[in-house]
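[1] Show me how the following folds:
(one chain, ligands or ions: 1)
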Amino acid sequence: MPIHHFLDIDALDRKTLRALIDTAAALKAKGRVPKSLKLPSAPVLAMIFEKPSTRTRVSFEVAMHQLGGQSVVLNGQDMQLGRGETVADTARVLSRYVDVIMLRTGPPQTLTELAAHATVPVINGLTCRSHPCQVMADVMTFEERKGPIKGNTVAWLGDANNVAASWVQAAARFGCKLKIACPKAFAPSPELLAWAAEEGAEIEVGDDPMAAASGADCVITDVWVSMGDADERKRNERLRPFQVTAAVMAAAKPDAIFMHCLPAHRGDEVTAEVIDGPQSAVWDEAENRLHVQKAILAWCLGAKLMAPKPVRARRAARAKPARRRRASR
Ligand code: CP
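    Next up is the predicted model:
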């Protein structure tokens, strides 16, 4: 069987991505991991962090624990990797100890090199080019609040960074429209946009935040200064017109949600009024990292993903507790 790496959304087909989201949603609804997804051999996840993390680290560690496995957290600087051992040798050695590796790094080449030389699955925990685990949790969050994402409009305001790049890929795979508003210098790469156009994705890139938000079902932003970005002052100045404010949210649909992968800087990319307001879905979004991580780990480790119940079965399941309650009265 080929190794199930989770490297980027564009590397996976629609069916697999849909099964991952449906499994994550089913795991959340169930509130526990069913036997079918428990990993029998207590596998070990190695997580290498070359950049800081709160959500990715904790959600992966808890996810692995809930699946019946365990994790080892490695700081890149404390490893021989930080003293010049090659990525390829690191991949070969870790593959002899653990069952799956997650990497958070800067250069995407480090991730592809690790995956090329590992004999176990490798998961992208963020590079400067993409953040697919985050956007899978975003899609799950959108769908639990607003139903199937296909045909809906998502507006991205601000720096079209690594998370936005994964959103471009998600728009192509999940069939939603993506409207990006950013300064020209902060736009997605022409290669990524060309790929999206070839895939038939509906992506608009402009520099008018109100036009992007107009009629959107969801407004998203991210920090203006990502890990590794230089020139903080200049970035803040150029991105200020793209702040998500109450006026921006008012331009979107009345039931639009606001998402942000966190950590957030209130007063910069988003006002406190929006992120702490009734349209904000950011805490569900952060929680959903955990459920998506479980689905991704299970898939990487060869478990069969959960199929969503047909509508009739879902209706029957919803009806059951009501009948039980009436009978016990
Ligand atoms: N959103 C996200 O990846 O959070 P962390 O940087 O805390 O992992």
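
[2] Going by C-alpha atoms from here, please, whenever you check contacts or count neighbours.
    Will do.

[3] Could you give the residue of the stretch 101-250 of the chain that lies closest to the ligand?
    Across the stretch 101-250 of the chain, no residue is closer to the ligand than residue 134, which sits at 6.2 Å (Cα to the nearest ligand atom).

[4] Test my guess that that residue contacts residue 165.
    No: checked against Cα atoms under 8 Å, the pair residue 134 and residue 165 is beyond contact range at 11.3 Å.

[5] got the residues of the stretch 1-150 of the chain near the ligand?
    Proximity of the stretch 1-150 of the chain to the ligand is confined to 53, 54, 55, 56, 57 under the rule Cα under 6 Å from any ligand atom.

[6] For the fourth one, which non-adjacent residue is closest in space?
    Leaving out its chain neighbours, the residue that sits closest to residue 56 by Cα to Cα, 6 or more residues apart in numbering is residue 125, at 6.9 Å.

[7] so who does that neighbour touch?
    Residues in contact with residue 125 (Cα atoms under 8 Å, 6 or more residues apart in numbering) are 56, 102, 103, 104, 105, 131, 132, 133.

[8] What lies in contact with stretch 135-145?
    With Cα under 8 Å, 6+ apart, stretch 135-145 has contacts from 21, 24-25, 148-149, 163, 166-167, 170, 218, 257, 259, 261, 281, 284-286, 288-289, 291-292.

[9] run the last query once more with 6 Å
    With contact meaning Cα atoms under 6 Å, 6 or more residues apart in numbering, stretch 135-145 is reached by 21, 149, 285, 288, 289, 292.

[10] What average pLDDT does that stretch get?
    The average of the pLDDT scores along stretch 135-145 is 98.

[11] how distant is that stretch from the center of its chain?
    In this view, stretch 135-145 has its centroid 9 Å away from the chain centroid, taken as Cα atoms, centre = their mean, to the nearest Å.

[12] ok, back up a step: list the ones among the contacts of residue 125 that fall in strands.
    Among the contacts of residue 125, the members found in strands (DSSP state E) are 102, 103, 104.

[13] would you turn those into TSV with distance to residue 270 and pLDDT?
    Compiled in TSV, the ones in strands among the contacts of residue 125 are given as follows (distance: Cα to Cα, whole Å; pLDDT from 0 to 100):
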residue	distance to residue 270	pLDDT
102	30	98
103	29	98
104	25	98
